[in-house]
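1. Sequence first, predicted model second:
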Amino acid sequence: MKRVLTVMVLLGLAVLITTASFGSVVPAAALGALSPAMNVYESALLSCDNLRTLAVGASAEQSAAWRSAGAEWIKFSVRQGGRYRLQVNHAAGLRLALHDRCDASGPAVDLRDGQLEFTATRDQDLYLMVVHDGISSTGLSGYEATLVAADPHRPILAAVDSIPQDAQRRAKEFLEELRGSGLAPEWLEARISSQARILYRPDIVGPAYYEFTVEKPVAGGWEPAGFVQLSSGEHDYVLTQWNATGMSPTQELQEIAPLGVQLTAFYKLNTLSYAAEYEQLTAIGIAAVADDVYNLGELPSHLTGLEGILEEPAELVTEGVDSEGNTEYEGPTELPLIEETPWDSWAALKAGYAENYAPLLASLKQRASEGWQLEKNLAQYGETLVKGDVRTVYGLPAQTLSSIDVTGEGATPEYLGQERLSDNGNLTGVRLTVLDEPADPETLLPFEVVLQYSSGTTETVKYAIANQDALNFHEVFLPLTTKSSTSSATDVSVAGSVEPAGWGPWHYYWADANAGTIRYNQIPAGSSPNTSGCWSGCGATAWAMEFGWVDQRAAEGHWRWANHWGLYRVNGGLGSNAVAPNPMDTGVRNMTWEIRGYLGTYCSDGGGATRFTRMIDAYRYVQPRATAGWRMRTRYDPTGLCWFGACNGARDLARDQIVNYRAPAIIGANNHYPMAYGYAWQKKTSCWWFICSTSYNRWFYVNQGWGGSGNGWVDWDDVAFAGVYRPY
């Protein structure tokens, strides 16, 4: 975990705050900075003899006394819990400081760019000091101070039963699909907690994502057991992130926020970039809104060059090099020039988000559209079932079922078996078994499951029963696997032979040994050997973890990697052999910094950014150290947009590395490079009316390179880059 110490000086009151972040770090704003020293003459001018008052919702122009003296005080009153915005127009040339008493020598909060938004923590009087920085009676420009009630912060927490029913049901069904599976053994007796967190996106009005916390029973209560994160609408995938262990992204943000900080809004900016706005308690007793954020992952940079890229699949680039000096390049002769530059501020990023990232957001929406269309079809027509199908309809999380009614043509005992489910005498759901189907291929027997909750809300889930021979199956592409966990996942075309069966079992594969125990991180700016003004970058950290994993397997005498010792050497240099450690130490830092130098990593918004085109250059670290034949390969979409499945070839490279070589791969998702060491997939054939199609859940499990924190599942469809190291 990266740690940054920020000292905030509040007119002699030093407050030591420990902040932590991952990726680029945006330190807390100095909300109570020391006002410039004043001379005796200025102090005399700032007496309270000329004290003015300002009411909420009113404005005050400069007084005649201020025009002659260049300094005055304005008093106003605030109420506990109230939110306010103080604005001073024509602030150029002014020093503006807010005090809790009419005393220029006391603690103060400066107004940035003439404004301050804050929350009152108690009933109190506040005093605005307005000083012309020239203290001159000539040429003074007028000012106007305005105090208004600020909008309340948007909610970050919500009772689960207040979230839209469709989101609740998707979270509940996902938990039930994984309950007791080898993919989530922690969820055998888990439940969704009664509160969820809300995440926003700058271009979306209202909640953009819901993060449901999962908890499991322990002696005396419940403890966190991962999370399920869902999109609120069609701007992103139905299911965006999940994990069966550890903290959620918002919990991580809460964890790194220091004492005295109140998080006020969570943002999901892309696949692995999260930010939290906050208020900071100040020495004058108000909580002032900061102009920066705490963040997980790299904050996205401003992009130039996406505007002219067509909405069509891009030609992938494959680059390779091996121990014999052979190089490989397949792809377009000209690559799009996409430039990254830092945003001026968090406010600028939010304001420019929709326009600047429009191509990325449009591509994401297109990739997610298939899943949303399926959801809409099932909601409108109901899922079509055939003889032998079994479905369990559970009650929504954090709600109590009072009754379940199953009605309609298909609900008769001839066609449908019903079994009420309960837990300690409480109704929890109903299990439905299709006993028969209509003989007539053109007949459809609809039925509805109506769930009544003690809260007074009602939910309806639709189904229909059809003759299996009447169903029209689309051609689908199924991964062909054997029972062996080392088998290849080759795609084959299958048409007309699929039976509707809901979500099938999970198939999952892991790299040998637990790559999640490698706890490498980025190197902070100015921390040896990092001589740059930003973090060392996730690209170098990812390759360092990859090479460290190979080196550890070599030390174990693993049959595939035994001859590949030497990728890590004493102190990360070129000397004697050593075994790569799991924790970050001086040698790992030296290794990471050397790799960074080969990748052309550059500073962007405090983080280290690396282009897809430079990731292959990590081979330069391997060349003088390798002791056996090797090859490295990268594959990526040079646009990063992944239109219409263009990135599947890159994802296949990472998948095959895990499935066939039982080794981790580097993947690139938006502006972050984690190391993937797990792969899981399942399929679902869904029918509505007489039409059927097959969908997939495909995920990579990653080590984020955040010092062992934040590891979890990343959606296959968000991956635009893959890089691998293999034996020759």
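-> Received it, and whenever you're ready, just let me know what you need. Residues are numbered from 1 along each chain as shown.
2. In this structure, which residue is most central in space?
-> For the chain, Leu272 is the residue whose C-alpha lies nearest the centre (Cα atoms, centre = their mean; 4.0 Å).
3. Tell me which residues touch that one, please.
-> Leu296, Gly297, Ala669, Asn670, His672, Pro674, Gln704, Val714 (Cβ atoms under 8 Å, 6 or more residues apart in numbering). Heads up, the C-betas are built off the backbone N, CA and C, glycines and all.
4. Show me how this protein divides into domains.
-> Domain ranges of the chain: 39-149, 317-368+510-727, 402-468, per automatic domain parsing.
5. next one: the last one to chain centre, how far?
-> The one in question is domain 402-468. Between the centre of domain 402-468 and the centre of its host chain there is 37 Å, according to Cα atoms, centre = their mean, to the nearest Å.
6. try stretch 63-71
-> 51 Å.
7. What of stretch 81-94?
-> Distance of stretch 81-94 from its chain centroid, counting by Cα atoms, centre = their mean, is 33 Å.
8. Check the separation of the first and last residues in that stretch.
-> 29 Å (Cα to Cα, to the nearest Å).
9. picking up where we left off before, dump the domains of the chain into TSV; add mean pLDDT and mean neighbour count as well.
-> Shown next, in TSV, are the domains of the chain (pLDDT from 0 to 100; neighbours: other Cβ atoms under 10 Å):
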stretch	mean pLDDT	mean neighbour count
domain 39-149	85	17
domain 317-368+510-727	95	20
domain 402-468	96	16
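10. which strands and helices sit next to the helix ranked longest in the chain?
-> The helix that spans the most residues within the chain, counting by DSSP state H, is helix 358-381. On a contact count with 3 or more Cβ pairs under 8 Å, 6 or more residues apart in numbering; DSSP states H and E, helix 358-381 meets helix 165-178, strand 458-466, strand 675-688, strand 691-703.
11. Can you check which of these gets nearest to Gly649?
-> strand 691-703 (14.3 Å; Cβ to Cβ).
12. what are the pairing partners of that closest one, and which direction each?
-> strand 472-473 (parallel), strand 675-688 (antiparallel), strand 712-715 (antiparallel) (DSSP bridges).
13. Make a markdown table from those and add distance to Val228 to it.
-> Shown next, in a markdown table, are the strands paired with strand 691-703 (distance: least, Cβ to Cβ, whole Å):
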| stretch | distance to Val228 |
| --- | --- |
| strand 472-473 | 30 |
| strand 675-688 | 15 |
| strand 712-715 | 10 |
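14. Now do the helices in the stretch 251-400 of the chain.
-> 346-356, 358-381 (DSSP state H, counting those that start in this stretch).
15. As TSV, the ones you listed with distance to Ile309 would be great.
-> Formatted as TSV, those follow (distance: least, Cβ to Cβ, whole Å):
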stretch	distance to Ile309
helix 346-356	14
helix 358-381	6
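16. you'd agree Ala513 is up against Trp549?
-> Yes. Ala513 lies in contact with Trp549 (Cβ atoms under 8 Å); the separation is 7.4 Å.
17. Bridge partners for Gln229, pull those for me.
-> Glu211, Gln241.
18. Number of residues surrounding it?
-> By other Cβ atoms under 10 Å, 24 other residues sit near Gln229.
19. just Glu312 next, same as before
-> 10.
20. pLDDT score assigned to it?
-> pLDDT, Glu312: 94.
21. And for Pro36?
-> Reading off the confidence values, Pro36 has pLDDT 43.
22. contacting residues for Glu459?
-> Contacts for Glu459 (Cβ under 8 Å, 6+ apart) come out as Gln165, Arg169, Leu396, Val450, Leu451, Tyr453.
23. switch the cut-off to 10 Å
-> Going by Cβ atoms under 10 Å, 6 or more residues apart in numbering, Glu459 touches 165-166, 168-169, 393, 395-396, 399, 401, 404, 449-453.
24. Does Tyr209 touch Trp242 like I think?
-> No. With contact defined as Cβ atoms under 10 Å, Tyr209 does not count as touching Trp242 (11.9 Å).
25. So these two - more neighbours on which side?
-> Tyr209 (27 against 23).
26. ok, the more buried one to Ala158 distance?
-> The gap separating Tyr209 from Ala158 is 12 Å, by Cβ to Cβ, to the nearest Å.
27. list residues touching both of these two?
-> Joint contacts of Tyr209 and Ala158 (Cβ under 10 Å, 6+ apart) are Ala196, Arg197, Ile198.
28. mind checking which helix or strand the second one is in?
-> With elements delineated by DSSP states H and E, Arg197 resides in strand 191-200, which encompasses its position.
29. Tell me which other helices or strands that strand touches.
-> Judged by 3 or more Cβ pairs under 10 Å, 6 or more residues apart in numbering; DSSP states H and E, strand 191-200 is in contact with strand 157-159, helix 165-178, strand 209-218, strand 221-231, helix 249-256, strand 261-270, strand 273-281.
30. Please export the C-alpha coordinates of the second one as CSV.
-> Translated: helix 165-178. Listed next in CSV are the C-alpha coordinates belonging to helix 165-178 (Å, rounded to 0.1, in the frame of the first residue of the first chain):
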residue,chain,number,x,y,z
GLN,A,165,-36.0,-4.4,-7.8
ASP,A,166,-34.3,-5.5,-11.0
ALA,A,167,-30.9,-4.7,-9.5
GLN,A,168,-31.7,-6.4,-6.3
ARG,A,169,-32.8,-9.5,-8.1
ARG,A,170,-29.7,-9.7,-10.3
ALA,A,171,-27.5,-9.4,-7.2
LYS,A,172,-29.4,-12.1,-5.3
GLU,A,173,-29.4,-14.5,-8.3
PHE,A,174,-25.7,-14.0,-8.8
LEU,A,175,-25.0,-14.9,-5.2
GLU,A,176,-27.2,-18.0,-5.4
GLU,A,177,-25.5,-19.1,-8.6
LEU,A,178,-22.1,-19.1,-6.8
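31. quick one, what contacts Ala542?
-> If you count contacts by Cβ under 10 Å, 6+ apart, Ala542 has them with 520, 592, 595, 610, 615, 618, 664-668, 672-676, 702-705, 723.
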